[in-house]
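Trainee: One predicted model, sequence on top.
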Amino acid sequence: MSLLKYFKPTSSTDDDTDSTGQQPSTSSKRPQADRKKEYERTKRKRGFLPKWTKEFTWLEYDHAIQLMYCRVCKDCPDKADTQSSFYLGCDSFRKLSIQTHDKSKSHLMCVLVKRAKENPKDTSMGKAIAKINASNFEILKKLFRTAYYVAKEEIALAKFPGLCKLQMANGVELKNTYINDHACGEFIKSMAHVQREKTTEELTAENTRFLSVLSDGSTDSGIIEQEIVYVRYLSNGSPETRMVKIVDVKHGHAAGILDAIDDAVAGVGISPDLWESKVICANFDGASVMMGDVNGVAGRLKRRIPHIVILHCVAHKLELAVLDAIKKLPFLLEFEETIKSVFKMYYYSPKKRRELKEIGRLIEEKVAHFSGLKSTRWVPSRLRSLKAIETNYAATIMHLENMSTSQRGEEAAKARGIMKAMQTTRFVKCLHFMIDYSTILAKCSEGFQHEQIFIGHVKEIIQSTTSKLIRLKTVPGESSAKLSDLLTGENRQTYKGVNLTNRRQSRLIPEAIPDSSDFSKVLDDTVKYLDARFANFDEEPLSCFDIFDISKLPHDRQAVSTYGDRDIEMLVKHFESVLTDDEIKAIPDEWSDLKIWMSAHRGVGRLIDLYGDLIRENPPHLSKVLVLLQILLTLSPSTAACERGFSTMNRVKTCHRTSLLPDTLNNLMQISADGCKVEEYSPEGSRTLVFLC
């Protein structure tokens, strides 16, 4: 018997035919998995099943946009996977997807944190805390206070063990447990977490109707590009600005920066929908990547949130207007170069500063410190440098003369060049004029950096500044008036004992000494550029908020009856997407009542205090129109808070701490920037300790 009958024929004909002698269909050859995918894609229509919410209590469904969310993960953004589909919104209506998320590590961590918040005593940490006796609990509180001191004073975590041992040597009862830098980091982490929770509660509260986002970028000591994000909101009627997060920027273009801002906002538990419904303003510096109307961060935000108001930081605008005015005048450019040369010579040389102080002691003059010229807050920094030059003038000339004769080579040549420039009448006149000029601008800059500045202050500060600059054309300032008394000798060519000359330092600059017409040109140009830079405050919708300035309210009854009606209509139209239907209808009528209140409070006090008290009182007949006042006080005109944040970053992440992890940097900055004073800090019991896990 042949064995061939037990084997299947291998001919191509048999392979391609079935038992009937015909070729099989393509669909029967397709793998089962592919057929299942095709069925899911083309035929089956999946939808959300309400019964899932009974099995998975954390699940919630948004009928408007047809997406599923995890309620627990949304409530715990610090622990959640913020890129998870159930955090952002899931449209895969499969039970398998829900089960996968239910077992995910990040979700389980969020569940634990949520339970800890609701019932801290039932957690393992809570039970452990309940078991420890009062003395041990007091020891733990002392350790927390010490860790808080480390973070608040911006010192290294490695100093924590030494501080604890010092306290033990001074008789403070502490045990050796937790006396290490790792424990200090965990303590700081839990304290920062509690602080972020408080910020989240305030930002997401119902009475926090509106938010402004402030953002700026810088490079840290580790040569990492960082984007810092702050949020401004009203707390009990007063503007508050809080740090949200500092984020490593993955890409320096507009999309990358916007992703960093979104990441920061998500980190404090604000969902994209809530964010877009509350944000009314974004405030940036003047970089094109931030302010670009089409592809910049501003343009992208505008397309996402049509009602948002984009503002260029007013402090940056001031600096740019001053630079625009100065760069048009050659004699001022030469003056600026001389000032920079003096500061470079002394700021980087302790030996020269020591010699200068010795000369000052010999001639019985107090020598002011030559500090570095700062790039941020440039106008106040510049004023300090000019005053230092004026104070140190005689001592500096004597020291430069000594250097030019006692030394050789490049140093002697530099000293001789600077001395010749400083000994001219041109330099001395410019010095005293620029002190008066910079004093006015420095006051303006400091006003723009105030934490509670609102847009109503901006025009007031600019008008005051331009008025003082115009007055300076006809009435000499304090420093210029003092110059006439300081000039002595023949032809009044001796200044503080130094004989002045009229020689020019550059062939490109006219021989004539600057007179009042030259200085008037500086003042006129500054006023012109200030008006140009701040012109957007005269455009809608910002200009419409002028009606809330009580000083502009007419006295005539007939004029008051129609005053501001068009502006109110414009404001309601612009912000209608964040107003309720009742508010849109009631605001025009309540505006008439608010005008009566404004008329009764003329000249009573500062606007921000008056309106803050009114918002806290919230009288029923004004409750709807007060929403516009909340918007007014929430709009942020300055990013000075971001600059202060970067100063904190530079103090925390020094050149000796370049390897600080992003989360550690955030925790340290959170406490340093927004934490209470060390002596006011008190551990909050189990609520703080529970986040150590």
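Mentor: Noted; the coordinates are in hand. Numbering: from 1, shown residues only.

Trainee: for the host helix or strand of Leu320, which positions count as buried?
Mentor: Leu320 belongs to helix 314-326 when assigned by DSSP states H and E. Across helix 314-326, burial judged by 16 or more other Cβ atoms under 10 Å covers 314-319, 321-322, 324-326. (Each C-beta comes from the backbone N, C-alpha and C, glycine too.)

Trainee: Which elements pack onto whatever helix or strand comes next after that helix?
Mentor: Under the assignment DSSP H and E, the closest C-terminal helix or strand after helix 314-326 is helix 330-347. Packing partners of helix 330-347 (3 or more Cβ pairs under 8 Å, 6 or more residues apart in numbering; DSSP states H and E): helix 314-326, helix 350-362, helix 378-391, helix 410-422, helix 425-448.

Trainee: And for the nearest residue to Ser238 once chain neighbours are set aside, the neighbour number?
Mentor: With Cβ to Cβ, 6 or more residues apart in numbering as the criterion, Ser238 has its nearest non-adjacent residue at 5.2 Å, and that residue is Gly612. Here the count is done by other Cβ atoms under 10 Å, and Gly612 has 19 residues near it.

Trainee: what about Gly612, distance to Ser235?
Mentor: 10 Å (Cβ to Cβ, to the nearest Å).

Trainee: Kindly report the same for Val367.
Mentor: Counting by Cβ to Cβ, the gap from Val367 to Ser235 is 46 Å.

Trainee: Among the two, which residue is more densely surrounded?
Mentor: The neighbour comparison of Val367 against Ser235 (other Cβ under 10 Å) goes to Val367, with 20 against 13.

Trainee: Look up how far Lys482 lies from the residue lying closest to Thr494 once chain neighbours are set aside.
Mentor: Distances taken as Cβ to Cβ, 6+ apart place Thr488 nearest to Thr494, at 4.9 Å, with adjacent residues excluded. Computed as Cβ to Cβ, the Thr488 to Lys482 distance reads 13 Å.

Trainee: Ramachandran angles for Leu487?
Mentor: Per-residue torsions, Leu487: phi -80, psi 120 (degrees, to the nearest 10).

Trainee: count of neighbours near the residue nearest to Thr494?
Mentor: 11.

Trainee: same deal with Arg94?
Mentor: 11.

Trainee: Grab the nearest non-local neighbour of it.
Mentor: Per Cβ to Cβ, 6+ apart, closest to Arg94 is Arg46, 6.8 Å.

Trainee: Check the secondary structure at Ile280 for me.
Mentor: Applying DSSP: H, G, I helix; E, B strand; the rest coil to Ile280 yields a three-state assignment of strand.

Trainee: show me the contacts for it.
Mentor: 210-212, 307-309, 575, 578, 631, 634-635 (Cβ atoms under 8 Å, 6 or more residues apart in numbering).

Trainee: Tell me where the model's unsure across this protein.
Mentor: 1-44, 120-135, 371-378, 503-516, 684-693 (pLDDT under 70).

Trainee: if we can go back for a sec, is the residue nearest to Arg94 part of a helix or strand, or is it coil?
Mentor: coil.

Trainee: State the distance from it to Arg382.
Mentor: 66 Å.

Trainee: So for these two, which residue has more residues nearby?
Mentor: Legend: neighbour count by other Cβ under 10 Å for Arg46 and Arg382, higher for Arg382 (23 against 10).

Trainee: Help me confirm that the more buried one comes into contact with Ile435.
Mentor: No. Between Arg382 and Ile435 there is no contact under Cβ atoms under 8 Å: 9.9 Å.

Trainee: about what we covered before: report all helices and strands that the helix holding Leu320 contacts.
Mentor: helix 330-347, helix 378-391, helix 425-448, helix 516-533.

Trainee: the helices in the stretch 1-150 of the chain, which residues?
Mentor: For the stretch 1-150 of the chain, helices defined by DSSP state H, counting those that start in this stretch occupy the ranges 12-15, 26-29, 32-42, 52-55, 71-75, 85-88, 95-102, 105-118, 124-131, 134-152.

Trainee: Filter the contacts of Ile280 down to the ones in strands?
Mentor: Those of the contacts of Ile280 mapping onto strands are 211-212, 309, per DSSP state E.

Trainee: For those residues, which single residue is the most surrounded?
Mentor: Going by other Cβ under 10 Å, Ser212 tops these with 25 neighbours.

Trainee: Show me what that residue bridges to in the sheet.
Mentor: Ser212 has the following beta-bridge partners by DSSP bridges: Arg232, Cys281.

Trainee: who touches it in this structure?
Mentor: 231-233, 279-283, 634-636.

Trainee: If we use 10 Å, what do you get?
Mentor: 230-233, 239, 241, 278-283, 308-309, 311, 631, 633-637 (Cβ atoms under 10 Å, 6 or more residues apart in numbering).

Trainee: Phe545 now?
Mentor: Phe545 neighbours (Cβ under 10 Å, 6+ apart): 454-456, 459, 537, 567, 571, 628-629, 631-632, 635.

Trainee: Likewise for Val342?
Mentor: Counted by Cβ under 10 Å, 6+ apart, Val342 has contacts 370, 385, 388-389, 392, 396, 400, 418, 421-422.

Trainee: ok, it to Met422 distance?
Mentor: For Val342 relative to Met422 (Cβ to Cβ), the value is 8 Å.

Trainee: what sits in contact with each of the two?
Mentor: If you check Val342 and Met422 against Cβ under 10 Å, 6+ apart, the residues they both contact are 389, 396, 400.

Trainee: now those in JSON lines, with neighbour count and distance to Arg492?
Mentor: JSON lines is the format used below for these (neighbours: other Cβ atoms under 10 Å; distance: Cβ to Cβ, whole Å):
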{"residue": "Ile389", "neighbour count": "21", "distance to Arg492": "20"}
{"residue": "Thr396", "neighbour count": "24", "distance to Arg492": "21"}
{"residue": "Leu400", "neighbour count": "25", "distance to Arg492": "23"}
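
Trainee: what's the closest of those residues to Ile596?
Mentor: Comparing these against Ile596 with Cβ to Cβ picks out Ile389 as the nearest, at 55.2 Å.

Trainee: I'd assumed Phe343 was in contact with the closest one.
Mentor: Yes. Ile389 sits in contact with Phe343 when judged by Cβ atoms under 10 Å, with a separation of 8.6 Å.

Trainee: Nearest residue to Phe284 in space, ignoring adjacent ones along the chain?
Mentor: Met290 (3.9 Å).
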